[in-house]
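K.L.:
One predicted model, sequence on top.
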Amino acid sequence: MATAQPRIAAYSSQAAVSPRARRKRTQNDSMSIARRPSKSEMDDYLQGLKDLQQQSVTATIEKGPKEDDKEDTKPYAVRYFEEDEHGRRELPPDGDGPGGGLDGSRLKDILSDLQSNLGSEEEKSAFQSVLREVAGDISDVKSSTDVEVMMERLASYTKSIDDQIASVNTLVPRELIDKMNKSLEDLSLPDDFLNSKPRQGAPQIPEKGWTSNHRKKINMLNHALRRADAELKRKRVLTHKTVAAVYKAYCHAAHNMLSNSWSSVPSDVWDFLWSVFSASESIDVHRLGRIARLARDMDAAKVAMSPSQQLLSIEAMFLHEMETKAMAIWKRCVHTLGDEDADSFRRYWELGVRIFCRLGDMRQAEKATRRLLGRNNAHPRILMPVICTYAEQGTPEGQKQAWDTYRKMRDLLGKDMKLADYDQVISFFLVGNHTESALFAFVDMMSNGAIDMEKQKRWPSAVANKFFLGKWLKRLIGAGELDGAFQVVQFMKQKGVNASPIQLNGLIGAWQRSGGVGDLECADKLAWDMIESRIRFVKARESSEGDAATASWAPSAWPPATRETFCLLADNYRQRNSHANMENLWEALRDARVSPDAFMMNQLLESHFQVGQYEDALRLYHALVTDGGMVPDPYTFSALWKTPAINRGSFPESSKSLPDHDSDQVTNARSLFREIMQHMAVFEPEGMNGQLSRKILHTFRRLNDNAGFLVAITTLKQYFRFTPTEPLALELVMGVGKLMWDTREQRAELLKAKTKLDNQLLAYVDGDEKKLQEGGQARQDALYRHLQKMFWPWEHDEEKRRELEEATKQMGVYELFARRAGK
C-alpha cells in the first residue's frame with residue numbers, strides 16, 4: 001500500500017485531479033518505495049537527511065495576517081490536502097503543510113532501506129541501537145519539529161563519539177591514527193554535514209548564446225563535468241579515465257570557441273577544472289602538463305588564482321617548455337607569494353631554488369636558499385637540488401661546492417639525517433663521477449660521522465678492506481645503481497682494494513637481470529676480463545714454480561673467475577640462444593682449468609638442442625659422464641629425453657606403428673633409460689619428478705614399445721617412488737600427449753574415456769566403488785595395474801616373455817628384477 005504523502009495546497013475548496021494522473025502517481029509512489037537502493041545511492045540517502053531538514057526549516061507559511069493589518073486586510077486560510085489510492089482528504093487545520101513542515105514517512109522509508117541493505121544481523125542490530133539512541137521510537141517522528149529534534153540529537157550523539165575517539169587517540173601513536181583515518185576516509189562525512197546547505201549541482205557553462213554546433217561541444221564539456229562531479233561525491237577521488245575525459249572535452253571546446261569568449265566561463269567552472277586536473281600523479285601522470293594548459297587559459301581569461309594555484313602553475317609551465325614565462329611570473333610574485341609573512345613563503349622560495357638549479361643559475365639558487373634557511377622552521381633538505389646541480393657540473397670547483405653543501409645540510413639536519421638522505425647524496429656524487437666524494441659520504445653514513453675521511457692522511461683499516469667494499473656494493477646493487485657500483489669497484493681497485501670474485505659475480509648477475517643491451521655488454525666484458533685473468537694465472541702457474549707464479553699475477557688485474565662466473569655466462573647465453581658464445585665459453589672453461597659440473601653441462605646441452613645438434617649433445621654427455629666421470633643431476637636426464645626423434649614433434653601423434661628402420665629409436669630410448677638406472681642415486685631421496693616420468697612413459701607409448709613401457713612403469717613405481725596420476729593415465733589410455741576439452745566434441749570424448757576407465761578399474765577392487773575414491777591409494781594402485789595390463793596383455797605368452805626379458809636387459813633392470821623375484 002502506498003504511503004500517504006502531502007500533495008496539494010489549494011486556496012479553493014476543490015482542486016481537480018484526473019483519475020489517470022492519480023493512478024500514475026500512485027504507481028510511481030509504490031515503485032519508489034518498493035525498490036531497494038543500490039550501493040551507489042547509499043551516500044545520497046545521508047545527503048537526503050540534510051535536504052529534508054533544510055526543507056523543514058526554510059519553508060514557513062504564516063497562517064494569517066499580522067495584527068496591524070487586520071483592519072485593512074481580509075484574512076484567508078490555507079487548506080492542505082493529501083492523496084492516496086483511497087482518494088483525497090483535507091489535513092487538520094493545525095497540521096503541518098508541505099511548506100511549514102514534513103511528515104516522517106519519507107524519513108522512515110529511508111532509514112528502513114538503509115537498515116535492510118546492511119549485511120549481517122549484527123550490523124542491523126547496531127544500526128537499530130544507534131537509531132534508538134538518536135531518535136527514540138522512529139514511529140513517533142511525524143512532523144518537521146520531530147525531524148529537527150532528531151537532527152539535534154544526532155549532532156549530540158556524533159559529538160560524544162568524537163570526544164571518546166579523541167580521548168583514546170592521545171594513547172595511540174600518531175602513525176597508527178593516520179593509517180586508521182586513511183582506511184576510513186571513505187566513511188567520513190563532511191564537517192558541515194548537519195549545518196550546510198543542500199549540495200549544488202556540478203558547475204556548468206551556460207549553453208545560451210552559442211550556435212548549434214558550438215552548443216554541442218559545450219554540452220559535451222558540461223556532461224563531462226557532471227560525471228566528474230558525481231564521481232567526486234560518490235568516491236571522493238577521480239579515476240584517470242574521468243580526468244582524461246574532462247581534459248579531452250575541455251580542449252575540444254576551449255580551442256574552438258571558449259578562447260574567443262573566456263568571459264562566458266563561470267568562476268566555479270575554472271575552480272572545478274583545476275580540482276580535476278590537479279589530481280595526484282598516481283591518478284594522472286600528465287597532471288602538470290594539463291595544469292600548465294589550464295593555467296595559461298586562466299591567465300588569458302584574467303581569472304584570479306589562489307597562491308597554491310599560482311605556485312603549481314609556475315612549476316607546471318616551467319617543466320613544459322614555458323621556462324621564460326614561468327620565470328617571469330615567479331619574479332612578479334616575489335612581493336606577494338614570497339613575502340616573509342605570506343603562508344606561501346616556504347613553497348615559493350623552494351620552487352625558486354628548484355627552478356634556478358634547473359637553469360644553472362647557482363647564484364640565484366644560493367640566494368633563495370639563504371632566504372629559506374634564515375627562518376627558524378627551515379627545511380635543510382632544500383639543499384638537495386643544489387648538491388645535485390653542483391655535482392653534475394663535473395668540475396673540481398663544482399665537486400667542492402657539492403661537498404661543502406652536503407656537509408652544510410648534514411650539520412643542519414643533525415640526527416634527522418636519514419639513510420635515504422645519504423643514499424640520495426651518494427647517488428648525486430656517483431652520477432657526477434665524483435667517486436671519492438661518494439665514498440666519503442658512505443663512510444659518514446656507516447660511521448655516523450665518527451670518521452672524517454677528509455682529515456685522514458691514510459685510509460683507516462675499517463675502510464680499506466673488501467668487506468667494507470662488499471657492504472657498499474650490496475647497497476648500491478640493491479638500489480639499482482649498477483653503473484655507480486662499477487665505478488666504486490674501479491675506484492677501490494685503483495686504491496689497492498680489489499673486490500672479491502663473489503662480489504663481482506653479484507654485479508654481473510644484476511646486469512644480466514636488468515636485461516638492457518648496455519647492461520648485458522657490461523656483464524659480458526667484466527666476466528670475460530675475470531676469465532682472462534684466471535687463464536693468465538693458470539698459464540703462469542704452469543710455467544713457473546710456487547711463489548713465482550703468484551708474483552707473475554699482477555695485483556692490479558681483475559680477480560680470477562670462479563665456477564659461478566662461468567655458470568652465470570652459460571645460463572645467460574642459453575637464454576639468449578647464443579650457441580657460438582657458449583662454445584667459446586666451454587673452450588675457456590678448459591683453458592681456465594675449471595672442472596665442469598652438471599649445471600654447466602646442462603646449459604651446454606640445452607644450447608645444442610636450441611640449434612638442433614642432438615647428436616652433438618649426446619656425444620658431449622658421454623664424453624663428460626661416461627668417459628670423464630662427471631656426475632649428472634636429474635635435470636640432465638630431463639634434457640636428454642629431448643634427443644629421441646619421437647619427442648621432437650617430427651613424429652605424428654596418431655601413428656600406431658613405426659617403420660622398420662625406426663626401430664633404432666626404440667634402442668636409443670632404452671639406452672637412455674639404462675643411463676638413468678646407472679645414476680639412480682641422483683634421484684634420492686625425493687625420487688623422480690612427475691614431468692620426467694611422464695616424458696619417459698609417453699616416449700615408449702609413441703614408439704609402440706609395449707615391453708619398454710611395461711619395464712619403465714614398473715621400474716618407476718618400484719625404484720623411483722612414482723605412481724601414474726589419473727590425468728596421465730587418461731592421456732596414455734586415449735593415446736594423446738595432452739588432454740583437450742576446448743570443444744564440445746573433445747569434452748564428450750574425454751567424458752566417455754573417463755567413464756570407461758572408471759568401469760574398468762572396478763575389476764581391480766572386486767567391484768567395490770568405495771575403494772575407488774578420488775586420490776585414494778587403492779585407486780592409484782588400480783590405475784597402475786590397469787596400465788600394465790593394457791600395454792602388456794600377454795601374461796602367459798612365452799615369445800612375449802622372452803621379448804620382455806630382452807627389454808629388461810637393454811634398459812638395465814634385469815638384475816634388479818631378478819634379485820627382487822629371488823626374494
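P.N.:
Structure received. Residues are numbered from 1 along each chain as shown.

K.L.:
Poorly predicted segments of the protein, please.
P.N.:
In the predicted model, the chain carries pLDDT under 70 at residues 1-124, 133-148, 162-163, 166-200, 255, 544-556, 649-662, 774-775, 822-823.

K.L.:
Any figure for the gap between the residue nearest in space to the middle of it and residue 237?
P.N.:
Here the mean C-alpha position of the chain is nearest to the C-alpha of residue 282 (Cα atoms, centre = their mean), at a distance of 12.4 Å. Taking Cβ to Cβ, to the nearest Å as the measure, residue 282 and residue 237 are separated by 10 Å. For glycine as for every other residue, the C-beta is placed from the backbone atoms N, C-alpha and C.

K.L.:
next one: residue 223
P.N.:
Using Cβ to Cβ, one obtains 20 Å as the distance from residue 223 to residue 237.

K.L.:
Likewise for residue 621?
P.N.:
Computed with Cβ to Cβ, the distance linking residue 621 and residue 237 is 61 Å.

K.L.:
more neighbours, those two?
P.N.:
Just comparing residue 621 and residue 237: by other Cβ atoms under 10 Å the higher neighbour count belongs to residue 621, 25 against 14.

K.L.:
So the more buried one sits against residue 640, correct?
P.N.:
Yes. Look at residue 621 against residue 640 with Cβ atoms under 8 Å: they come within range, at 6.5 Å.

K.L.:
Now for these two: what residues contact both?
P.N.:
Overlap between the neighbourhoods of residue 621 and residue 640 consists of residue 605, taking contacts as Cβ atoms under 8 Å, 6 or more residues apart in numbering.

K.L.:
Now do the SS call for the residue nearest to the centre of the chain.
P.N.:
Here residue 282 takes the coil state, with states given by DSSP: H, G, I helix; E, B strand; the rest coil.

K.L.:
What of residue 208?
P.N.:
Taking three-state DSSP, the label given to residue 208 is coil.

K.L.:
what about it, neighbour count?
P.N.:
When neighbours are defined as other Cβ under 10 Å, residue 208 has 7 of them.

K.L.:
distance of it from residue 219?
P.N.:
According to Cβ to Cβ, residue 208 stands 12 Å off from residue 219.

K.L.:
Residue 433 too?
P.N.:
Spatial separation of residue 433 from residue 219 under the definition Cβ to Cβ is 58 Å.

K.L.:
Find the nearest non-adjacent residue to residue 273, please.
P.N.:
residue 294 (5.9 Å; Cβ to Cβ, 6 or more residues apart in numbering).

K.L.:
these two touch, right, the one you found and residue 277?
P.N.:
Yes. The pair residue 294 / residue 277 is scored as a contact, 5.4 Å apart, by Cβ under 8 Å.

K.L.:
Residue 378 is in what secondary structure piece?
P.N.:
Taking DSSP states H and E as the definition, residue 378 sits outside all helices and strands.

K.L.:
Burial check on residue 386, number of neighbours?
P.N.:
Counted by other Cβ under 10 Å, the residues lying close to residue 386 total 24.

K.L.:
Enumerate every residue touching it.
P.N.:
With contacts defined as Cβ under 8 Å, 6+ apart, residue 386 is in contact with 353, 357, 362, 365-366, 369, 405.

K.L.:
so how far is residue 756 from the residue nearest to the centre of the chain?
P.N.:
Counting by Cβ to Cβ, the gap from residue 282 to residue 756 is 58 Å.

K.L.:
what do you get for residue 797?
P.N.:
To residue 756, residue 797 is 25 Å away according to Cβ to Cβ.

K.L.:
same question, residue 130
P.N.:
Noted for residue 130: a distance of 64 Å to residue 756, by Cβ to Cβ.
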